[in-house]
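*Asks:* Quick check, what structure comes out for this input:
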Amino acid sequence: MSVDWEEVNAKLPYARTKDDFSARKELWEAMDVNGNGYLSLAEVTKGVRDVIAVDELFDAIPAINRSFHHCKNVSTNPSEHGPDFIEFREFRLLLQTLRQFFEYYQAFDRVDTGDDDRISKEEFTSDGLKSAMEKWVGPIEDLEAEFDSIDTNGGGQVLFNEFIDWALAKDLDIEDDIEPEDD
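*Replies:* The predicted structure follows:
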């Protein structure tokens, strides 16, 4: 799947600029359809589909879910609406993590050659993927040991949540995306 990274970047306005703030306000208002001032995971998912409207991003439901929960877990102030809702003050971080976790989802999908939403040791250690992964995260001395360190639940498969934790720790960056401009 070929991702239009320029479109993805344009539709996720998370920079700390006046223009992006205005775009975020418009996006928020379009996603908060009932006007209650907060978004549930279902509303975020629907907003990604209907408002942000990048098909490849909507197809990455695990990235949307993980982004939502990541924002709730790193939020430093208690939410007046509880832990199941995103408030506007968390929305910029949500958009930023959507972009980042979508990139991680693209990497995960490339390694998951069996298309079963998990990465086996055979997939992870295949010769054809070693060079790509090293472009993303730097040198990996022992692929089997690296796999075992990622498979934190010991299930013999790397799940997307485990992959994201590894990708965050390694600062994974796929080679063919277009990075958003820093303002």
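*Asks:* Would you mind pulling up the elements that the least confident helix or strand in the chain by mean pLDDT packs against?
*Replies:* Lowest mean confidence among the helices and strands of the chain (mean pLDDT, DSSP states H and E): helix 55-58, at a mean of 81. Taking 3 or more C-beta pairs under 8 Å, 6 or more residues apart in numbering; DSSP states H and E as contact, the helices and strands that helix 55-58 lies on are helix 5-11, helix 61-74, helix 88-111. Where you see a C-beta, it was placed from the backbone N, CA and C, and this is true even at glycine.
*Asks:* now the ones you listed as CSV including mean pLDDT and distance to Asp171?
*Replies:* Formatted as CSV, these follow (pLDDT from 0 to 100; distance: least, C-beta to C-beta, whole Å):
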stretch, mean pLDDT, distance to Asp171
helix 5-11, 90, 18
helix 61-74, 91, 15
helix 88-111, 94, 10
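*Asks:* just to revisit the earlier point, CA atoms only: put the least confident helix or strand of the chain into CSV for me.
*Replies:* Output in CSV follows, covering the C-alpha atoms of helix 55-58 (Å, rounded to 0.1, in the frame of the first residue of the first chain):
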residue,chain,number,x,y,z
ASP,A,55,-8.5,5.7,4.0
GLU,A,56,-5.1,4.3,4.9
LEU,A,57,-5.2,5.9,8.3
PHE,A,58,-8.7,4.6,9.0
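*Asks:* which outside residues touch that helix?
*Replies:* Residues outside helix 55-58 that contact it (C-beta atoms under 8 Å, 6 or more residues apart in numbering): 1, 3-4, 8, 11, 45, 48-49, 52, 63-64, 98, 102.
*Asks:* most packed of the helices and strands packed on helix 55-58?
*Replies:* Highest mean neighbour count of those: helix 88-111, a mean of 21 (counted as mean count of other C-beta atoms under 10 Å).
*Asks:* which residues touch the very next helix or strand once past that helix?
*Replies:* Counting by DSSP states H and E, the next helix or strand C-terminal to helix 88-111 is strand 119-120. Residues outside strand 119-120 that contact it (C-beta under 8 Å, 6+ apart) are 108, 111-112, 114, 147, 156-158, 163.
*Asks:* Now for those: which two are most distant?
*Replies:* Phe108 and Gly156 (16.7 Å; C-beta to C-beta).
*Asks:* Which of the contacts of helix 55-58 sits closest to Asn77?
*Replies:* Using C-beta to C-beta, these come closest to Asn77 at Leu98, 20.7 Å.
*Asks:* Now do the same contact list for the nearest residue to that closest one once chain neighbours are set aside.
*Replies:* Distance criterion C-beta to C-beta, 6 or more residues apart in numbering; nearest residue to Leu98, sequence neighbours excluded, is Ser67 at 4.8 Å. By C-beta under 8 Å, 6+ apart, the contact set of Ser67 is 94, 97-98, 100-101.
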